[in-house]
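K.L.:
Got a predicted structure plus its sequence, pasted below:
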Amino acid sequence: MTMTAIASTFPTPITILWATQSGRAKACARRSIRLITSNFGIASQSIGGRCTFDEFGADRLLSLGRIPSSSNSSECTRDTIHDGDKSNVKDESDTNQQHQLLILFVSTTGDAEQPSTIQNTWTTLLSKSLSPTTFQNTSFALFALGDRAYGPDAFCAAGRKLAARLVQLGGNPICCLGYGDDGSLNGGVFADLDVWLEGELFPALKKKKMMMVDGDGVVEGSDVGKEALLSVEVLKADDTTKSTSDNAMQEWQDNNYNQHYANYFKDSCPPTAYQYNENLERCDGSKDAHVPLLGRVTENKRLTAEGWMQNTRHLRIQVLSSMEKNTSLNNTVPSAALPYQAGDVAAILPSNPPSLVSRFLAVLPSAIQSIADETIQIQYKEQTIDNSTKHPWPKVCTLRGLLTHCADIQSLPEREDLFALSSYCNLNHEQGKDQQNKLISLSETSGAALYGDYIIREKRNWVDLFYDFDSIRYGEDKGALLVLAHLLELLPSIAPRHFSIASSPSFLMMNPSSNLRQGFEVELCVAVVEGTTPRGRSYSGCCSKYLESIVPCKDSKLSYGNSSWKGSDIVRLWIYPGSFSKLPLKPLLRDSGQQSLHNFYQTPMMCVGAGTGIAPLRSLIFEREACRVLQLTQSQPSAEDNVQSVRSEPDNILVFGCRKKAMDYYYGDEWEALTQSKQLLLIPAFSRDQEHKLYVQRALREADEGSLIVKHVLERKGAVYVAGGSKMARAVKDEIVEGLGAVLEGGERDAKKLLNKMKRTGLFSIEAWS
């Protein structure tokens, strides 16, 4: 990207905010901040916000539009933003009135929903009490992130909705909406981001009274020699507090470091995570970030057949306590009888394997290697923590422990990371200049294809990068340019990985493990990510490989108390609401004469999923079964109730797809048992067990001679839940729309309206991932 120098300062205050679920929107903001500052000569510190919407606060955001101004906001429609029509985009080059400028980055999550980091702000923005002139003194540019595999209606839906709402409230877009697609070649959303920056945002910014002068193409800001945002001090300690590669895996449990790690882990807490009191009862507490729960893995078995290409695991975790006691909730009445709901999500915070950490240390400068096992103290300078980069590390730890539990050295470096690392190539190395130029090329828009080949397709992580660019570690003793403080500024933090819970809380409470004396249990279905790149390089997923490696605890007499969370089989996790939070559990009235053993609920349920999408569906089905058993047991049904059947279909329908019945039929024995007891109508789709592939959407279409969808939704008023890959979810939704549209008067238009109505009442929901 060509850099130019600007003679004047930028006249409009800039605030940059993001809404992210996995971190991509934050990464886009980080890149944009660097390119804006270098292109327009703006001091980085002059850009406000640099955080999520909810961290910034809805009231503070609304206040930006209240700055006095005599200028009138021109009319602007949704088509102005979405269709690239710039005729109504306001040109502010003819006014001296000060406006606020928002540059926003918004991801879409779930079923075309807003991410958790904007939900509070979004609720406020939807308030009907807001004036149409709320943002009349605010201009904005918005880059929306999504995945086209979810379909045109869901693609970038959160960003499109936010842009439309800002226009309704008087906001003025300075350029067309940007669209980032996860599936774009050579960088996904980041490739699309550069196109938007160069083609839309930067030209719009240049119109805002910028005195352009010819630049010399020099990129501002070598990091070498700049003052670090943090300081690192090696603490003198006796041998008992020195780390080794053997005990680094448990360093976060060590009394010398535990509290520092606990404070660090808080920053990874999902915004909507449940809070628990000392007895692990779910309570309504403050929405502040809190430490993770601690769970012991008691079961870790393979679900797929030995020798099958996919290794999928079933894990059972006994939640024992949290990292610190939440005494503020001790006198709080539990908000729910169950520790979590069917369909909820577990956020697991993984650790890196010791072997990988040792490999990374080996490619760092010798001065950094030499203190790997010393206790260090990390201090941030006041007002220097940049939310667009990383959150603070533990204040006291060892470098080996930090690399094991905190730094995501298995992640793929972003292009901004490559640009920053270029400053540390030692030019005294014989290839130092060449390596520096290559890193800069990889970070530029023109090098997108090279970045795609080198980083993305070959899955090169931070360890690989430091190995390949050896001039970064070149220099005898302290001769290397990279010091520990700057390294810690560069490294990304490990983010929690999110897994739909595969267990029913009610069912597990009815059938607990024999050694469960307190706490509760959670089950997960995890597909281990591993494979080889086009050039034969092996790679694996950080969290799934971490979970696979855990040897389950076999002790039938687990100890509870201060020592209960020590060991390599302990995992850190949070639990928060998932997409299926309104599971219908209302039974039929017994005096209506219609209730029976397998026609128990007022609302029948259809679950459609493939692969590990079975996890939340298993949770929903077994929760309904557990509640049915509990209520029938309490009401002591007569024998004739057990055989009475008014409707032919059971309460629960499962359409499940996998490749082969003998290889990856997850929880097949359970589904067969429920089918035998007439509690489940099972419609399998084993795609490779016949000559022509059979997928779930086709199985759904052909079920009950093609009438299942209409009967279930229109005649029985049933609920529909879909879980699995984004392409599958889109295909299933299209089948449902087509099936309903064939019988509704308004065709597919009425079908979509019906599904939207069902979605609002919790009777239709999709949980999909790409």
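P.N.:
Sure thing, it's come through. Residues are numbered from 1 along each chain as shown.

K.L.:
need the contact list for residue 57.
P.N.:
Residue 57 makes contact with residue 121, according to Cβ atoms under 8 Å, 6 or more residues apart in numbering. Any C-beta I mention is one placed from the backbone N, CA and C, and that applies to glycine too.

K.L.:
and it, what pLDDT?
P.N.:
For residue 57, the model assigns a pLDDT of 94.

K.L.:
now do residue 461
P.N.:
pLDDT, residue 461: 98.

K.L.:
and the spatially closest residue to it that is not a sequence neighbour, how many neighbours?
P.N.:
Residue nearest to residue 461 in three dimensions, not counting chain neighbours: residue 410, with 5.0 Å by Cβ to Cβ, 6 or more residues apart in numbering. As a burial measure, residue 410 scores 23 neighbours (other Cβ atoms under 10 Å).

K.L.:
just checking, residue 321 touches residue 276?
P.N.:
No. Here residue 321 does not reach residue 276: they are 9.0 Å apart, not a contact under Cβ atoms under 8 Å.

K.L.:
what is the mean pLDDT for the top helix by length along the chain?
P.N.:
When the chain is parsed with DSSP state H, its longest helix is helix 614-635. Computed over helix 614-635, the mean pLDDT rounds to 90.

K.L.:
Mind giving me the packing neighbours of it?
P.N.:
strand 497-500, helix 505-510, strand 520-527, strand 605-610, strand 652-658, helix 668-676, strand 719-725 (3 or more Cβ pairs under 8 Å, 6 or more residues apart in numbering; DSSP states H and E).

K.L.:
Which one of those has the poorest average confidence?
P.N.:
Lowest mean pLDDT within these: helix 505-510, a mean of 92.

K.L.:
How about that one, which residues are buried there?
P.N.:
Residues of helix 505-510 classed as buried: 505-509 (neighbour count, 16 or more other Cβ atoms under 10 Å).

K.L.:
Repeat that for stretch 368-384.
P.N.:
Buried residues in stretch 368-384, counting neighbours by 16+ other Cβ under 10 Å, are found at 368, 372-376, 378.

K.L.:
Please look at residue 431 and residue 472 and confirm they touch.
P.N.:
No. The criterion here is Cβ under 8 Å, and residue 431 misses it with residue 472 at 11.1 Å.

K.L.:
Which of those two has more residues huddled nearby?
P.N.:
Neighbour tally, residue 431 and residue 472, criterion other Cβ under 10 Å: the higher count belongs to residue 472, 28 against 15.

K.L.:
For that one, which non-adjacent residue is closest in space?
P.N.:
By the measure of Cβ to Cβ, 6+ apart, the closest residue to residue 472 outside its immediate chain neighbours is residue 424, 5.0 Å from it.

K.L.:
quick one: the one you found from residue 441, how far?
P.N.:
Per Cβ to Cβ, to the nearest Å, residue 424 is found 16 Å from residue 441.

K.L.:
Give me the more crowded residue out of these two.
P.N.:
residue 424 (25 against 14).

K.L.:
so that one touches residue 481, yeah?
P.N.:
Yes. The pair residue 424 / residue 481 is scored as a contact, 4.6 Å apart, by Cβ under 8 Å.

K.L.:
Check what pLDDT the closest residue in space to residue 469 that isn't next to it in sequence gets.
P.N.:
In this structure, residue 469 finds its nearest non-sequential neighbour in residue 435, 4.9 Å apart by Cβ to Cβ, 6+ apart. On the pLDDT scale, residue 435 is placed at 98.

K.L.:
on that earlier part again, looking at the buried residues of stretch 368-384, which are in strands?
P.N.:
Residues from these lying in strands, with DSSP state E as the criterion: 375-376, 378.

K.L.:
Redo the residues you listed as TSV? Include pLDDT.
P.N.:
What follows is those, written out as TSV (pLDDT from 0 to 100):
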residue	pLDDT
375	96
376	97
378	96
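
K.L.:
Save those residues as TSV, and put in distance to residue 352 too.
P.N.:
Output for those, formatted as TSV (distance: Cβ to Cβ, whole Å):
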residue	distance to residue 352
375	19
376	18
378	18
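
K.L.:
Of those residues, which is the nearest to residue 615?
P.N.:
Closest approach between these and residue 615, by Cβ to Cβ: residue 378, at 37.6 Å.

K.L.:
which non-adjacent residue is nearest the closest one?
P.N.:
The spatial neighbour of residue 378 that comes closest, neighbours along the chain excluded (Cβ to Cβ, 6+ apart), is residue 393 at 5.2 Å.

K.L.:
who touches the one you found in this structure?
P.N.:
For residue 393, the contacting residues are 230, 264, 378, 402, 406, 488, by Cβ under 8 Å, 6+ apart.

K.L.:
Out of those, which comes closest to residue 574?
P.N.:
Of all the contacts of residue 393, residue 264 has the smallest distance to residue 574: 14.4 Å, by Cβ to Cβ.

K.L.:
Double-check that the closest one belongs to a helix.
P.N.:
Yes. Counting by DSSP: H, G, I helix; E, B strand; the rest coil, residue 264 is located in a helix.

K.L.:
Please name the residues that touch the residue lying closest to it once chain neighbours are set aside.
P.N.:
Nearest non-adjacent residue to residue 264, counting by Cβ to Cβ, 6+ apart: residue 394, 4.4 Å away. Residue 394 makes contacts with 257, 260-261, 263-264, 378, 401-402, 406, as judged by Cβ under 8 Å, 6+ apart.

K.L.:
Kindly report the same for residue 717.
P.N.:
Going by Cβ under 8 Å, 6+ apart, residue 717 touches residue 603.

K.L.:
chain center to stretch 434-443: distance?
P.N.:
From the chain centre to the centre of stretch 434-443 is a distance of 30 Å (Cα atoms, centre = their mean, to the nearest Å).

K.L.:
Now do it: everything it contacts.
P.N.:
With contacts defined as Cβ under 8 Å, 6+ apart, stretch 434-443 is touched by 219, 415-416, 418-419, 421-423, 425, 427, 429, 447, 450-451, 454-455, 469-472.

K.L.:
And the residue nearest to residue 378, which helix or strand is it part of?
P.N.:
In this structure, residue 393 sits in neither a helix nor a strand according to DSSP states H and E.

K.L.:
Just the local confidence number for it, please.
P.N.:
Note for residue 393: predicted pLDDT of 95.

K.L.:
Could you measure from it over to residue 406?
P.N.:
Applying Cβ to Cβ, the value for residue 393 to residue 406 is 6 Å.

K.L.:
tell me, what's touching the two both at once?
P.N.:
residue 264.

K.L.:
ok so, going back, the helices and strands packed on helix 614-635: which one's closest to residue 42?
P.N.:
Closest approach to residue 42 among the helices and strands packed on helix 614-635 is made by strand 497-500 (35.7 Å; Cβ to Cβ).

K.L.:
Nearest to residue 654 among the buried residues of helix 505-510?
P.N.:
Of all the buried residues of helix 505-510, residue 654 sits closest to residue 507, with 15.8 Å by Cβ to Cβ.

K.L.:
my read: the closest one touches residue 624, true?
P.N.:
No. In this structure, residue 507 is not within contact of residue 624 by Cβ under 8 Å, at 9.6 Å.
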